[in-house]
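**Q** got a sequence here, can you build the structure:
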Amino acid sequence: MIYRLLVVDDEPIIVHGLVHALESADELHVEVHRSYSSSSALEILKQTKMDIVLTDINMPGASGLSLQKEIKNRWPACKVIFLTGHDDFQYIHEATRQGTLDYILKTEGNDAVLRAVEKAVRILDQEMESRHWIAQAQERLLRARPFLQKQYISDLLKGRSHTLSEIERWFHELEMELNPYDPCLLLIGRVDTWREGHASSHALDLYALQNIVQELLSPMVCLIAAEYDRSRIIWVIQCRDHIGPDDLNDRERREQVMCFVHGTMERIQQVAETLLQLQVSLACSSQWSAWSQLADKVEDIKLLLGSGLGIGAQTLLIEEAAVEQNIHARNGNTPLLRSGTSRRNGAELLRFCIEQGNRDEFHSVFHALMGDTLYSNDADTALNMEIYYDVVSMYLPYLTRLHLTAHHLETSDKLVDLEKLTRYELHDSWKQAADYLIETGDLIFQAAEQGRYEEEHEVVAKVNRYIERNLGGDLSLTRIGEAVGHNPSYLSRLYKQISGEGLSETIHAARLNRAKQLLQETDTKVHEIATALGFISPPYFYRFFKKATHLTPQQYRELVNK
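**A** Numbers count the residues shown, from 1 in each chain. Down below sits the predicted model:
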């Protein structure tokens, strides 16, 4: 962890000495900034977060104590270390009262300063790992857990691919009452008529409806709700352990619970209308389903609630076996259209894969989406077209963003033919259409990967150009981040990941190379070279150069100009 440290003193020689001492202490891992007055320090603090401030307590204009108050207002976790030329009890008392970390006399020397900074770094490290933070995170997680549980269930219901072991792990981490190994019932509720009032109250009404269902069903079942859209809620329901007589087996117990859920649906509807003035329709499955089947089952129940009797208000529907057969029997090959992944959610799953940059998962989801229909001659053309255009509409923003319809990729001579992509009938077969979709998806991945590669290397090039043009200026990580438009910590990691070299090493190498060039090709005096390259003093430049070359600047000049 690299911490930012600001040195503030109205005496430049003290600032230069402290900066040199701190930058030479590699074990501290601090990025050192400097300021020569309280006012300039405050301008820096307005723009940049500092972790440690080492400041003179008695300066012209605003004092160090005034600066400390501003620091606490802006960066409460910042550690302040005061320097002073004399031992003044009043200053010490006031500084301590405001929470100063340390108070050092300038006569104690740099070693005392380094010890104080080491102490500040140690405290900052401890605070990062502090149980206080962990306790806060756990408390916040506890408050957020119901939302996280519902979000995870929503992902499962939308067909996001999860193995049973992954589901078990997430259920454990989120402390869910449901069991990943037990089958489930699905209940879908739809608000048909809202009570009078503003649309802003709808969220509260949905929350109240969830509470009603929880209250009426929880004596017999475990359940969790997930809002599917602005007017529909899905409940995932399981048997509670040890419900019913002890002599019931699992099958008999599930039949009893299913009967209870189906029988309670009318009561839910009545209470919602009486207490909330909401007219609600409900549809429930008539079969217990494994978690891997829930995404498909959701589509079945939604279809039940969105067609025939389900279109009416305040309907109560139970998915009978005959109804389910009718849903699947609309085309003899429809079951082939479903291979573990709900096709109607397929485009969203593919979008997720693209956003995550996961090409392998994209192919897996795509082939699960298409299933055996690729090899069927009499598949449902209308449904195929529905899925085809769902995927096409998902592709279009990426094609525009990545310029795949405007110019060639450097690594490919292919462009997306928009006419062919947007006209299903131009393909000779469903397999040909699907092949074109997967080919287009691969082009999107290829363009995104190339774009990322180019952007990452452009960032490195920008940093290198900035360093070369500002060798005598501010080359702090913070300033470079501002210049290229990236967070300093992220920029530091990215630069090292792409270039294989840390920013500080690059800056040192650039300054060393320019120093060598000036020493060899010009008669510029050594102290002028030191100033031109941004060194705080000629002695600092001498030490830097000798450490890198084992020669003083003058010795190097004489050697190369023999």
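**Q** partners of the helix or strand containing residue 317 in the sheet?
**A** Secondary structure from DSSP states H and E places residue 317 in strand 316-318. Here strand 316-318 is paired, per DSSP bridges, with strand 279-284 (parallel).
**Q** which residues are contacting the partner strand?
**A** Outside strand 279-284, the residues that touch it by CB atoms under 8 Å, 6 or more residues apart in numbering are 185-193, 209, 261-262, 265, 268-269, 272-273, 301, 304-305, 310, 312-319. (Glycine included, C-beta is placed from N, CA and C.)
**Q** coming back round to it: and the strand holding residue 317, which residues are buried?
**A** 317-318 (16 or more other CB atoms under 10 Å).
**Q** for residue 103, phi and psi?
**A** For residue 103, the backbone dihedrals are phi -140, psi 110 (criterion: degrees, to the nearest 10).
**Q** what is the neighbour count of it?
**A** Residues near residue 103, counting by other CB atoms under 10 Å, number 18.
**Q** so what's the residue lying closest to it once chain neighbours are set aside bridging to?
**A** If the residues on either side of it in the chain are set aside, residue 103 comes closest to residue 82, at 4.9 Å by CB to CB, 6 or more residues apart in numbering. Here residue 82 sits in beta bridges with residue 55, residue 103, as judged by DSSP bridges.
**Q** what number of residues lie near residue 82?
**A** Neighbours of residue 82 using other CB under 10 Å come to 26.
**Q** over to residue 465?
**A** When counting by other CB under 10 Å, one arrives at 12 neighbours for residue 465.
**Q** which residues touch it?
**A** Per CB under 8 Å, 6+ apart, neighbours of residue 465: none.
**Q** now do residue 162
**A** Per CB under 8 Å, 6+ apart, neighbours of residue 162: 155-156, 170.
**Q** could I get the full set of helices for the stretch 351-500 of the chain?
**A** Taking DSSP state H, counting those that start in this stretch, the helices of the stretch 351-500 of the chain run over residues 359-370, 381-401, 418-422, 430-469, 477-484, 488-499.
**Q** dump these to JSON lines, plus distance to residue 116 and mean pLDDT.
**A** Conversion of the helices of the stretch 351-500 of the chain to JSON lines gives the following (distance: least, CB to CB, whole Å; pLDDT from 0 to 100):
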{"stretch": "helix 359-370", "distance to residue 116": "51", "mean pLDDT": "84"}
{"stretch": "helix 381-401", "distance to residue 116": "51", "mean pLDDT": "86"}
{"stretch": "helix 418-422", "distance to residue 116": "65", "mean pLDDT": "88"}
{"stretch": "helix 430-469", "distance to residue 116": "31", "mean pLDDT": "90"}
{"stretch": "helix 477-484", "distance to residue 116": "22", "mean pLDDT": "86"}
{"stretch": "helix 488-499", "distance to residue 116": "24", "mean pLDDT": "87"}
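**Q** out of those helices, nearest to residue 32?
**A** helix 477-484 (10.4 Å; CB to CB).
**Q** report pLDDT for residue 244.
**A** As predicted, residue 244 sits at a pLDDT of 56.
**Q** got the helices of the stretch 351-500 of the chain as a markdown table, with distance to residue 26 columns?
**A** Formatted as a markdown table, the helices of the stretch 351-500 of the chain follow (distance: least, CB to CB, whole Å):
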| stretch | distance to residue 26 |
| --- | --- |
| helix 359-370 | 41 |
| helix 381-401 | 44 |
| helix 418-422 | 56 |
| helix 430-469 | 20 |
| helix 477-484 | 15 |
| helix 488-499 | 16 |
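**Q** got the CA coordinates for the one helix or strand residue 539 maps to in PDB?
**A** Element membership of residue 539, judged by DSSP H and E, is helix 538-549. Extracted as PDB, the C-alpha positions of helix 538-549 are listed here (Å, rounded to 0.1, in the frame of the first residue of the first chain):
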ATOM      1  CA  PRO A 538      22.300  19.500  -6.500                       C
ATOM      2  CA  PRO A 539      23.500  17.200  -3.600                       C
ATOM      3  CA  TYR A 540      20.300  15.100  -4.100                       C
ATOM      4  CA  PHE A 541      21.100  14.900  -7.800                       C
ATOM      5  CA  TYR A 542      24.700  13.900  -7.100                       C
ATOM      6  CA  ARG A 543      23.600  11.000  -4.800                       C
ATOM      7  CA  PHE A 544      21.000   9.900  -7.300                       C
ATOM      8  CA  PHE A 545      23.400   9.800 -10.200                       C
ATOM      9  CA  LYS A 546      26.200   8.100  -8.300                       C
ATOM     10  CA  LYS A 547      23.800   5.400  -6.900                       C
ATOM     11  CA  ALA A 548      22.800   4.600 -10.500                       C
ATOM     12  CA  THR A 549      26.200   4.800 -12.300                       C
END
